[in-house]
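A.B. asks: just need the structure, nothing else, for what follows:
(one chain, ligands or ions: 2)
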Amino acid sequence: MSEQAVQIRTGGKILQSPCGPIIHGLEDVLIKNTSISDIDGDKGILWYRGYRIEDLAQHSTYEEVSYLILYGKLPTKKDFEDYVSRLRKNRDLRPETIEVIRNLAKAHPMFALEAAVAAEGAYDEDNHKLAEALRLGRYKAEEKELAYKIAEKLVAKMPTIVAYHYRLSRNLDIVKPREDLSHSANFLYMMFGKEPDPLAVRGIDLYLMLHADHEVPASTFTAHVVASTLSDLYSAVAAAVAALKGPLHGGANEMAVRSYLEIGDPSKARDVVEAATKPGGPKLMGVGHRVYKAYDPRAKIFREFSKNYVAKFGDPKNLYAIASAIEHEVLNHPYFQQRRLYPNVDFWSGIAFYYMGVPYEYFTPIFAVSRVVGWVAHILEYWENNRIFRPRACYVGPHDLQYVPIEQR
Ligand SMILES: CC(=O)SCCNC(=O)CCNC(=O)[C@H](O)C(C)(C)COP(=O)(O)OP(=O)(O)OC[C@H]1O[C@@H](n2cnc3c(N)ncnc32)[C@H](O)[C@@H]1OP(=O)(O)O
Ligand SMILES: O=C([O-])CC(=O)C(=O)O
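C.D. replies: Ligands and ions are numbered 1, 2, ... in the order given. Below is the predicted model:
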């Protein structure tokens, strides 16, 4: 990229190096054209395939939104019924994958999710067939059909992996998926083994709709990098899960609720926020965003949902009260105002989950259950014009050192 282009695009953090400017963290670097989602970071707007997320959140369902993201348009009634029926038939896992989950039952579910996605892919003939075709340079109608088939399988199976892990980690029998339930209702049913409460289903469905895609954050970029090598779809998704797990990305939803539980009392919010402004102080989880320099539109929706949820079911652990107090301090503190740091999607999203009885370790896995559709849609879009990702680093160490045998060092 020319220096002129760097000046036009980056939001600021450029490191100097002997080889030229380094765009730290690839801020504002464009990697492709996309028609999947768009963000207006200054105004706080998010669109999926041209539709505002507020509109979708109010009127749609995850099943429909996932179709929109994958296929680029809202489905007709017939297309929707066929799609939903295929998803429902594809929900269960191979015995080998269930064994992997069982073996990792005591681990954090994000590790189990990474491994289970890879395991499912290892034994999926379609996955190998597609990877082989791509290796031979074929990505035509037949291969694309296969790619969409695999994409749908991934969307269908992610909730099952997470729910089975929940059951096995608690020495409970797994609960097999039910074809008569929606994506979100079936997920809760597989987790808790009983007909879910409609407000809980709505909460999960809202969460899944609002996390379905977000242009190219770290996890989606990771998926692109892996897919660009013509590895395979499941491996790219497993890698994306690994990237999502970090507390600077999807892992922040777990960390935010854990911090509210540790804080315990809204009166402590001022000190906690103040501490986050000190050099080297702990960052506030669920605050700040690389692209949004305004209130995250998804966070606004979750704030409202959490408010209504605690109004109905109470706030015995003060989670909503503490988050509200932190938000108040953040919005009024010059440190956050000057840096344009606002609550992001992870700030409010875990509160209702916590009260629904979903343990906080499962918040990020549920993020992945939703985002999988964005990851695969982006991979399929990138494969239309694939090129391996291979950036450069500026070497600043010595050259041509003389090797010294170990006994002489
Ligand atoms: C689904 C998602 O992934 S949403 C993001 C979830 N992650 C979090 O909530 C973790 C907390 N937030 C953060 O760590 C960051 O804001 C990120 C990772 C989201 C964005 O990072 P970047 O775009 O690299 O921003 P960067 O780290 O350069 O921050 C800019 C400035 O704001 C500060 N800052 C950013 N976020 C926070 C925060 N949460 N608390 C305190 N200070 C913060 C930085 O220290 C930095 O200050 P400086 O200019 O004095 O050095
Ligand atoms: O866009 C980002 O960097 C992170 C984010 O909000 C998301 O992935 O939903």
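
A.B. asks: which stretches of this protein aren't confidently modelled?
C.D. replies: Flagging of the chain using pLDDT under 70 yields the residue ranges 1-12.

A.B. asks: now do the contacts for the residue in it that ligand 1 sits nearest to.
C.D. replies: Going by Cβ to the nearest ligand atom, ligand 1 is nearest to Gly288 of the chain, at 2.3 Å. The C-beta positions use only the backbone N, C-alpha and C, and glycine is treated the same way. By Cβ atoms under 8 Å, 6 or more residues apart in numbering, the contact list for Gly288 reads 339, 341-342, 344.

A.B. asks: burial count for the nearest residue to Met356 once chain neighbours are set aside?
C.D. replies: Nearest-residue entry for Met356: Ala200, 4.8 Å, with adjacent residues in sequence omitted and distances by Cβ to Cβ, 6 or more residues apart in numbering. Ala200 has 20 neighbours, counted by other Cβ atoms under 10 Å.

A.B. asks: which SS state does Ala200 fall under?
C.D. replies: Secondary structure state of Ala200, per DSSP: H, G, I helix; E, B strand; the rest coil, is helix.

A.B. asks: and Ile45, backbone torsions?
C.D. replies: For Ile45, the backbone dihedrals (degrees, to the nearest 10) come out as phi -130, psi 140.

A.B. asks: so what sits opposite it in the bridge?
C.D. replies: Bridge pairing for Ile45 (DSSP bridges) gives the partners Asp40.

A.B. asks: what is the burial count for it?
C.D. replies: Neighbourhood size, Ile45 [other Cβ under 10 Å]: 15.

A.B. asks: the residue nearest to Met356 reaches Met191, doesn't it?
C.D. replies: No. Counting by Cβ atoms under 8 Å, Ala200 stays clear of Met191, with 10.2 Å between them.

A.B. asks: so where do the helices sit in the stretch 301-409 of the chain?
C.D. replies: Applying DSSP state H, counting those that start in this stretch to the stretch 301-409 of the chain gives helices spanning 319-332, 334-338, 345-356, 363-383.

A.B. asks: out of these, flag the one nearest Asn90.
C.D. replies: helix 363-383 (12.7 Å; Cβ to Cβ).

A.B. asks: anything in the closest one near ligand 1?
C.D. replies: No. Judged by Cβ under 6 Å from any ligand atom, helix 363-383 and ligand 1 are separated, with a smallest distance of 7.2 Å.

A.B. asks: who are the packing partners of that helix?
C.D. replies: Under the contact definition 3 or more Cβ pairs under 8 Å, 6 or more residues apart in numbering; DSSP states H and E, helix 363-383 sits against helix 62-71, helix 109-122, helix 141-169, helix 198-210, helix 218-228, helix 233-244, helix 252-263, helix 345-356.

A.B. asks: make it 7 Å
C.D. replies: Here helix 363-383 is seen to pack against helix 62-71, helix 109-122, helix 141-169, helix 198-210, helix 218-228, helix 233-244, helix 252-263 when contacts are counted using 3 or more Cβ pairs under 7 Å, 6 or more residues apart in numbering; DSSP states H and E.

A.B. asks: redo those as JSON lines? Include distance to Asp40.
C.D. replies: Output for the helices and strands packed on helix 363-383, formatted as JSON lines (distance: least, Cβ to Cβ, whole Å):
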{"stretch": "helix 62-71", "distance to Asp40": "18"}
{"stretch": "helix 109-122", "distance to Asp40": "30"}
{"stretch": "helix 141-169", "distance to Asp40": "27"}
{"stretch": "helix 198-210", "distance to Asp40": "16"}
{"stretch": "helix 218-228", "distance to Asp40": "18"}
{"stretch": "helix 233-244", "distance to Asp40": "23"}
{"stretch": "helix 252-263", "distance to Asp40": "22"}
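
A.B. asks: save these as CSV, and put in distance to ligand 2 too.
C.D. replies: As requested, those are exported to CSV (distance: least, Cβ to the nearest ligand atom, whole Å):
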stretch, distance to ligand 2
helix 62-71, 13
helix 109-122, 15
helix 141-169, 16
helix 198-210, 9
helix 218-228, 6
helix 233-244, 8
helix 252-263, 9
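
A.B. asks: out of those helices, the one nearest Arg88 is which?
C.D. replies: Closest to Arg88 of the helices and strands packed on helix 363-383 is helix 141-169 (Cβ to Cβ; 7.4 Å).

A.B. asks: list the buried residues in that closest one.
C.D. replies: Using 16 or more other Cβ atoms under 10 Å as the test for burial, helix 141-169 gives 143, 146-148, 150-169.

A.B. asks: same check on stretch 355-374?
C.D. replies: Result for stretch 355-374 [16+ other Cβ under 10 Å]: buried residues 355-356, 358, 360-374.

A.B. asks: distance between the ends of it?
C.D. replies: End-to-end distance of stretch 355-374: 27 Å, with Cα to Cα, to the nearest Å as the criterion.

A.B. asks: residues contacting that stretch, please?
C.D. replies: Stretch 355-374 is contacted by residues 36, 62, 66, 69-70, 108-110, 113, 154-155, 158-159, 162, 166, 200, 203, 207-208, 211-214, 219-220, 237, 241, 244-245, 250-251, 253-254, 257-258, 309, 313, 350, 353-354 when judged by Cβ atoms under 7 Å, 6 or more residues apart in numbering.

A.B. asks: brilliant, that's me finished.
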